[in-house]
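# The following comprises the amino acid sequence and a computationally predicted model.
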Amino acid sequence: MAELKALASYLDWLESQYDEMVAKLVYLAGINSGSYNIAGLERMAAELNHLFGVLGGQAHRVALEPATRIDDDGEPRLYEFGPLLHLSKHPNASLRVLLVGHMDTVFGTEHAFQRVERLSPTQLKGPGVADLKGGLLVMLKALECLERSPWAGRLGWEVVLNPDEELGSPGSAAHLRAAAGRSDFGLVYEPAMADGALAGARKGSGNFTAVVYGRAAHAGRAHHLGRNALRAAADFLVAVDELNGRRPGVTVNPGFVHGGGPVNVVPDRAVVRFNIRLSDPADEAWVLGCLAAIDREINARDGITLSLHGDFGRKPKILDAAHRRLFDWLRCCGRTLGLDITWRDTGGCCDGNNLSAAGLPNIDTMGVIGGGLHSVDEYIELPSLIERSRLSALLLLGLASGRCDGGAFRGKSS
Ligand SMILES: [Zn+2]
């Protein structure tokens with residue numbers, strides 16, 4: 001710890017960056033970058049390419065392959081992603097870190113929440129101020145601090161800024177996996193919790209869509225010829241919901257239903273979407289087995305067909321020994337700065353799940369402190385811009401200077 005204290009003077013420069021960080025955050029939050037707003041994401045990528053240019057690394061913009069999604073009418077449809085920004089420096093360093101943040105927000109152009117507003121001298125409200133635009137600036141400043149230090153070059157880094165995290169990273173997952181394979185540990189700049197605690201273990205998550213087809217008929221003249229897709233969808237939904245409470249840590253949330261039309265027609269199509277969370281990877285097979293059984297039961301009905309789409313895009317994040325070593329180092333850095341760094345488990349998911357699944361130990365709440373995420377009340381505690389930049393920078397400096405033992409993360413997750 002005394003060794004880490006010797007590095008503290010290299011962090012002093014960060015204090016002078018506060019006004020600039022706040023101004024940049026107001027600017028970035030003013031750019032709408034909802035996951036489906038390609039033009040907004042293009043703009044974000046261009047701005048960030050410019051901002052991160054100060055680090056002097058290699059930058060390139062990656063076009064992601066469009067993906068198929070079942071639309072609300074049950075039809076498969078191709079949809080596009082914004083660009084991914086990849087930056088890297090010192091690729092031949094013996095220790096390598098992957099830093100990840102997302103450019104997208106849950107607030108599309110039609111959402112009511114667009115304005116950035118100062119709530120108090122220390123709080124700013126706005127779309128994405130905490131999730132995750134504040135974190136992008138924390139990442140940038142921590143890297144700047146590293147590059148200004150005598151140990152620049154001793155720690156190789158890659159930055160992945162993706163445009164689709166709020167969708168579950170369907171387009172960028174392969175890119176994250178590849179970058180994880182080239183790195184020794186990962187830092188993801190999702191916001192910390194409102195009390196400053198970090199996320200520890202995370203549940204896994206799967207999104208599923210069931211499309212149910214029946215047979216249309218006149219509700220009066222030929223009711224007996226119809227096969228009601230809404231009824232079958234309702235039975236399906238109830239059966240899926242009844243999986244709740246059967247295994248510890250497994251939850252099912254039916255979240256969307258669409259179907260039917262005029263009430264004088266037997267409806268021939270319905271769409272049900274639901275999300276499943278689980279803590280124990282072994283429960284995935286159990287859940288899929290249950291879904292298959294429900295699927296068979298509905299498909300056995302006369303005139304009814306059900307097709308199920310989706311998978312567990314995010315595996316549970318388990319805190320194994322390599323993750324715990326990384327957390328211990330960060331707590332040590334926190335103590336050096338007078339911060340009590342704690343973490344607790346959460347049901348929420350993020351790209352930290354993806355990195356863990358690829359075998360990369362990581363801490364995924366290195367960003368700012370804030371709250372009201374994904375709502376019109378999203379805010380950031382502005383002083384956390386500096387506090388968390390100092391924390392990140394000290395971890396990077398500790399590893400680059402050899403004061404923290406980076407070898408401890410080698411061999412990846414055990
Ligand atoms: Zn986020």
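Perfect, I can see it now. Remember, predicted model here, so these are calculated numbers, not experimental data.

# Pro262 and His218: what is the separation?
Between Pro262 and His218 the computed distance is 10 Å (Cβ to Cβ, to the nearest Å). Backbone N, C-alpha and C define where each C-beta goes, glycine included.

# Neighbour count for those two, which is higher?
Here Pro262 and His218 are compared on neighbour count by other Cβ atoms under 10 Å; more neighbours surround His218, at 12 against 7.

# From the ion, how far out is that one?
Between His218 and the ion the distance is 49 Å, computed by Cβ to the ion, to the nearest Å.

# list the buried ones in whichever strand or helix holds Met139?
For Met139, the enclosing helix or strand under DSSP states H and E is helix 134-148. Neighbour-count burial for helix 134-148, with 16 or more other Cβ atoms under 10 Å as criterion, is recorded at 134-147.

# Give the full set of residues in contact with Gly126.
Val26, Ala29, Gly30, Arg115, Val116, Glu117, Glu378, Tyr379 (Cβ atoms under 8 Å, 6 or more residues apart in numbering).

# neighbours around the fifth one, how many?
Counted with other Cβ under 10 Å, the burial measure for Val116 works out to 17 neighbours.

# nearest residue to it other than its sequence neighbours?
Across the structure, with Cβ to Cβ, 6 or more residues apart in numbering as the measure, the residue nearest Val116 apart from its sequence neighbours is Gly126 (3.4 Å).

# do the first one as well
Closest residue in space to Val26, ignoring its immediate chain neighbours: Val116 at 5.2 Å, by Cβ to Cβ, 6+ apart.

# Wait, the one you found touches Leu124, no?
Yes. Val116 lies in contact with Leu124 (Cβ atoms under 8 Å); the separation is 6.6 Å.

# intersection of neighbour lists for those two?
Residues touching both Val116 and Leu124 comprise Val26, Ala29, with contact defined as Cβ under 8 Å, 6+ apart.

# what does the host helix or strand of Glu47 contact?
Here Glu47, judged by DSSP H and E, is contained in helix 38-52. Applying Cβ under 8 Å, 6+ apart, the contact partners of helix 38-52 are 24, 27-28, 31-35, 59, 61, 80-85, 87, 103-104, 109, 136, 140, 143, 159, 161, 163.

# From those residues, keep the buried residues only.
Buried, going by 16+ other Cβ under 10 Å: 24, 28, 31-35, 59, 81-85, 87, 103-104, 136, 140, 143, 159, 161, 163, out of the contacts of helix 38-52.

# what subset of these is also close to the ion?
If you filter the buried ones among the contacts of helix 38-52 for contact with the ion, counting by Cβ under 5 Å from the ion, you are left with nothing.

# Which residue ranges of the stretch 151-300 of the chain form strands?
When assigned using DSSP state E, counting those that start in this stretch, the strands of the stretch 151-300 of the chain occupy the ranges 155-162, 185-188, 198-202, 204-213, 217-218, 251-259, 265-266, 269-278.

# so what secondary structure elements neighbour the last one?
Here strand 269-278 touches strand 204-213, helix 229-241, strand 251-259, helix 283-299, going by 3 or more Cβ pairs under 8 Å, 6 or more residues apart in numbering; DSSP states H and E.

# ditto for the fourth one
Contact analysis of strand 204-213 by 3+ Cβ pairs under 8 Å, 6+ apart lists helix 229-241, strand 269-278, helix 283-299, strand 305-314 as its packing neighbours.

# May I ask you to confirm that Asp351 is in contact with Leu187?
No. With contacts defined as Cβ under 8 Å, Asp351 does not count as touching Leu187, sitting 10.8 Å away.

# Show me whatever sits in contact with both of the two.
Shared contacts of Asp351 and Leu187 (Cβ under 8 Å, 6+ apart): Val100, Asp364.

# chain center to the worst-scoring helix or strand of the chain on mean pLDDT: distance?
In the chain, no helix or strand scores lower on mean pLDDT, DSSP states H and E than helix 2-5, which sits at a mean of 84. When distances are taken as Cα atoms, centre = their mean, to the nearest Å, helix 2-5 is centred 33 Å away from the chain's centroid.

# Could I get the buried residue list for that helix?
When burial is assessed from 16+ other Cβ under 10 Å, helix 2-5 yields the following buried residues: Leu4.

# between the strands of the stretch 151-300 of the chain, which one is nearest to Arg403?
Of all the strands of the stretch 151-300 of the chain, strand 155-162 sits nearest to Arg403, with 11.9 Å by Cβ to Cβ.

# average pLDDT for that closest one?
Regarding strand 155-162, the rounded mean pLDDT is 98.

# What about the closest residue to Leu11 other than its chain neighbours, how many residues nearby?
In this structure, Leu11 finds its nearest non-sequential neighbour in Arg390, 4.9 Å apart by Cβ to Cβ, 6+ apart. The number of residues packed near Arg390 is 24, by other Cβ under 10 Å.

# Name the helix or strand for Arg390, please.
With the criterion set as DSSP H and E, the secondary-structure element containing Arg390 is helix 383-400.

# how far does that helix sit from the chain's center?
Helix 383-400 has its C-alpha centroid displaced from the chain centroid by 21 Å (Cα atoms, centre = their mean).

# residues of that helix that come out buried?
Along helix 383-400, these residues count as buried under the neighbour rule (16+ other Cβ under 10 Å): 384-400.

# got it, and stretch 111-126?
Neighbour counts using 16+ other Cβ under 10 Å place Phe113, Val116, Gln123, Leu124, Lys125, Gly126 of stretch 111-126 among the buried residues.

# From the opening residue of that stretch to its closing one, how far?
Chord length of stretch 111-126, first to last residue, is 12 Å (Cα to Cα, to the nearest Å).

# burial count for the residue of the stretch 51-200 of the chain found nearest the ion?
Among all residues of the stretch 51-200 of the chain, Asp131 sits closest to the ion, at 4.0 Å; criterion: Cβ to the ion. Using other Cβ under 10 Å, Asp131 is surrounded by 27 other residues.
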